[in-house]
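Engineer: Got a sequence here, can you model it:
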Amino acid sequence: MRRRSFGWVVAAAAVVPVVGAAQPAPSPRPAITIRSDRELGPFDPDRFCNLNLDGGYGQIADFGVDAAFEWIRATGAVSSIRCPMWLGEGRLKRRPDWLCGAQVEIGPTGEAKWDRLERALDSLVAAGVKPFICCGGLPNELLTAPVKRDSRGVPLNLPANLDRYRKFLVQLFRRLQKTYGEDEVRSWRFEAWSRPDAPNSPAADPATFQALYDHFASAADEVDSQLQIGAPGLRDDLGFLSSFLEHCATGKNAATGKLGARITFVSWTAPPSNSELRTRAEQVRALMVRHKALLKTESIVSDEAAGPAETGLDERNRVVNWLERVAMLSDPALGVSMAVRDADLMSSHFEGNHAVTTRVGQFAVPMAQFRAQVLLQNLGRARVPAAAPDGLLVLATRTLDDRKNPAVQVLVARTGPSGGDDLEFDVRVEALPARYFRMPARIYRLGVSGDPRREWEKAGRPRPAPDELGKRLADEAGWKPSSENPAVPVNAGTAVIPIRLVPGEAALVQLGSATRPEREISPRGERLRAAEQAFGRALALSGRDLDRALEALDRLIREQRDNHWADVARQARISFLRDLRRDPEGSNTELRALLARPLDRMERLRVLESLRVAAVRKSDGAGARALTVQIVDLERHLAQLAEWVDDH
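Structural biologist: Numbering: from 1, shown residues only. You can find the predicted model right below:
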């Protein structure tokens, strides 16, 4: 069979008949060949394990998604999360129960309130995930009127005053560094806008967008010239991008009056098909090369168009489709430093196509995409050569321990439509140290075996599913090998591991010591994790000593008043007082205290409705009427956020 020696190999299917004199001679067993003694260059899986969330605030702040973050913390499968709007407010058309943006409010003196934004960011930081903050969706107070929103909930309005916009961003950057630390925030990315070249965008005029970016970059530089800033979040207009890059390189800066504007990354949206992706990446790279001042600028692609390209693909083939994109974007000639995939954090009972986890009963079950990212994160950090038969996509890496002993990791996927027979082949790892006689090997198959969706379907698609089923599926989807051999023979420096895959299946083969991703957590992240653990201990106490549980929650409220764990603890106190202590008045007191906290509008609505029910039960007509006025005003505001304009 033909072989090609690259880090990534994607080969088309081919059949070569072998004819003998009397009967067909047996074909040699197909094999992937890995050279463990040569390095092709560095490999960083964090470049590809990144998500773009529409309705990001609503997803991240939902208490039900905590289980998804537990999986992320345990596996390191998600490196960063981007949202097209962080700062303003809106509602996602396909999920109106998800708020889009942290509803940052600006007071009469121009001081902004950042509590809700920090609530969302805290969830990421505690999970070791880097925020990717798009600053395009702004608070209403900064925008031209009337405010209009697209289906993602993002305002289609420019800042009414660029100087005021710049001062707001200075506040943002300073607040983030004060809360999370200078070094931590320098590891985040800040994007000026999202898809300014879209037909309905108010920033579609290149000069308008360039002036906006100048003020954005000037605000960042006033606070810290080492912040990672970029734009434009291009949709598809390469002429728009060319004009923008020329401005950053040599144009007159509208904010400083000097030439050029600092930019550390250029962001753009991937075309819907893999066949177009390489061409677009080459075009973007050529535009950056044209301006030598931008040669060190990163190129970041957002895979927001993945959905239409994957129509008709089952879950396993969507994973292979993603791996093919990873393979393509790994080519150093394209200069792509980061890829962001469109997804939701959690769905319910496998609904939709792009959630990385799904809730089955009371348990979060990782989907195939999430588990594929786990496989990718367990690769080494140096690529080695691989030669593969037709129809297999391969990435091979290695790690070296303190004694320079190698371990080899091979991620392999079988291309082609689902169905068909298993393909049995070998993974041959060559050029191992002569002193090796045996090595441990593990295979993690991502495919037919342990497919949670299939198991749920076999159970009759229950909705809601029994917790027993959810627990079993979550356990089966955990990080454990499909097969392992503690002593694979090494003969003359070569180890052979047999494996089989069906079309559309992927697997990770580890030879030698296992690698486990470890993420550094900032001091605030460590504090948030400690608060979560304290909350868990308080919940565990409630079953045997309610008084001690209430005291523990009260202590958590006092100690964590600067973050959302104070609100979580207070809500737990409300539940305990109402349901366990049978103390409705105590519960109502806690509800009123919760109203003083920086709740989002949907949370506030739920608290007000609970207080109105309590007032009616007490025959407090005046109190119920006053609460009704607040509820009606809030419902009217939420209804306005659901007035979307045509995106197309």
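
Engineer: Show me the shaky parts of the stretch 301-450 of the chain.
Structural biologist: 304-314, 316, 353, 402-403, 417-420, 447-450 (pLDDT under 70).

Engineer: Please report how far residue 538 lies from residue 525.
Structural biologist: Between residue 538 and residue 525 the distance is 21 Å, computed by CB to CB, to the nearest Å. Bear in mind the C-beta positions are built from the backbone N, C-alpha and C, glycine included.

Engineer: helix, strand or coil for residue 233?
Structural biologist: Following DSSP: H, G, I helix; E, B strand; the rest coil, the label given to residue 233 is strand.

Engineer: burial measure for residue 236, as a count.
Structural biologist: The local packing of residue 236 (other CB atoms under 10 Å) involves 15 other residues.

Engineer: quick one, phi psi at it?
Structural biologist: In terms of degrees, to the nearest 10, the main-chain angles of residue 236 are phi -160, psi 0.

Engineer: for residue 406, same thing?
Structural biologist: According to degrees, to the nearest 10, residue 406 has phi -80, psi 150.

Engineer: And for the one 3 residues further on?
Structural biologist: Torsion angles at residue 409 (phi, psi; degrees, to the nearest 10) stand at phi -130, psi 130.

Engineer: how about it, what does it touch?
Structural biologist: With contacts taken as CB atoms under 8 Å, 6 or more residues apart in numbering, residue 409 has the following neighbours: 378, 379, 380, 396, 397, 398, 399, 508, 509, 510, 511, 515.

Engineer: same thing with residue 196?
Structural biologist: Going by CB under 8 Å, 6+ apart, residue 196 touches 136, 203, 204, 209, 231, 232, 233, 234, 235, 240.

Engineer: Can you give me the distance of the fourth one to residue 191?
Structural biologist: By that I understand residue 209. Between residue 209 and residue 191 the computed distance is 13 Å (CB to CB).

Engineer: Secondary structure element holding the nearest residue to residue 565 once chain neighbours are set aside?
Structural biologist: What sits nearest to residue 565 in space, not counting adjacent residues and going by CB to CB, 6 or more residues apart in numbering, is residue 531, at 4.1 Å. Using DSSP states H and E, the element containing residue 531 is helix 523-541.

Engineer: Count the neighbours of the spatially closest residue to residue 604 that is not a sequence neighbour for me.
Structural biologist: Excluding its sequence neighbours, the residue lying closest to residue 604 (CB to CB, 6+ apart) is residue 634, at 6.4 Å. By the criterion of other CB under 10 Å, residue 634 has 16 neighbours.

Engineer: any idea how far residue 600 is from residue 634?
Structural biologist: Going from residue 634 to residue 600 by CB to CB gives 11 Å.

Engineer: with the contacts of residue 196 in mind, which one is nearest to residue 387?
Structural biologist: Using CB to CB, residue 234 is the member of the contacts of residue 196 that lies nearest residue 387, at 37.0 Å.

Engineer: Which residues are in contact with the closest one?
Structural biologist: Residues in contact with residue 234 (CB under 8 Å, 6+ apart) are 195, 196, 197, 240, 241, 267, 268, 269.

Engineer: my guess is the last one meets residue 236, correct?
Structural biologist: Yes - the pair residue 269 and residue 236 qualifies as a contact (CB atoms under 8 Å) at a distance of 6.9 Å.

Engineer: Output the below-cut-off pLDDT ranges for this structure.
Structural biologist: Using pLDDT under 70, the chain drops low at 1-27, 304-314, 316, 353, 402-403, 417-420, 447-450, 515-517, 647-648.

Engineer: does residue 145 count as helix, strand or coil?
Structural biologist: coil.

Engineer: likewise residue 240?
Structural biologist: Under three-state DSSP, residue 240 falls in the helix class.

Engineer: Does it touch residue 231 like I think?
Structural biologist: No - contact criterion CB under 8 Å: residue 240 and residue 231 do not qualify, at 10.8 Å.

Engineer: Looking at these two, which is more packed in?
Structural biologist: residue 231 (31 against 20).

Engineer: Enumerate every residue touching that one.
Structural biologist: Contact partners of residue 231, counting by CB under 8 Å, 6+ apart, are 191, 192, 193, 196, 209, 213, 216, 244, 263, 266, 267.

Engineer: Just put the contacts of residue 196 in TSV and tack on distance to residue 444.
Structural biologist: Output for these, formatted as TSV (distance: CB to CB, whole Å):
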residue	distance to residue 444
136	39
203	45
204	46
209	45
231	39
232	39
233	35
234	37
235	37
240	43
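
Engineer: And the residues you listed, which is closest to residue 296?
Structural biologist: Within these, the smallest distance to residue 296 is 16.3 Å, found for residue 231 (CB to CB).

Engineer: count of neighbours near the closest residue to the closest one other than its chain neighbours?
Structural biologist: Sequence neighbours aside, residue 192 is the residue nearest to residue 231 in space, at 4.0 Å (criterion: CB to CB, 6+ apart). By the measure other CB under 10 Å, the count of residues near residue 192 is 25.

Engineer: wait, what's in contact with residue 192?
Structural biologist: By CB under 8 Å, 6+ apart, the contact set of residue 192 is 134, 135, 136, 212, 213, 216, 217, 229, 230, 231, 232, 233.

Engineer: same check, this time on residue 50
Structural biologist: Here residue 50 is in contact with 78, 79, 80, 81, 82, 132, 338, 339, 340, 341 (CB under 8 Å, 6+ apart).

Engineer: where does the closest residue in space to residue 440 that isn't next to it in sequence land in three-state SS?
Structural biologist: Take residue 440 and drop its neighbours on the chain: the residue closest to it by CB to CB, 6+ apart is residue 486, 4.9 Å away. For residue 486, the assignment made with three-state DSSP gives strand.
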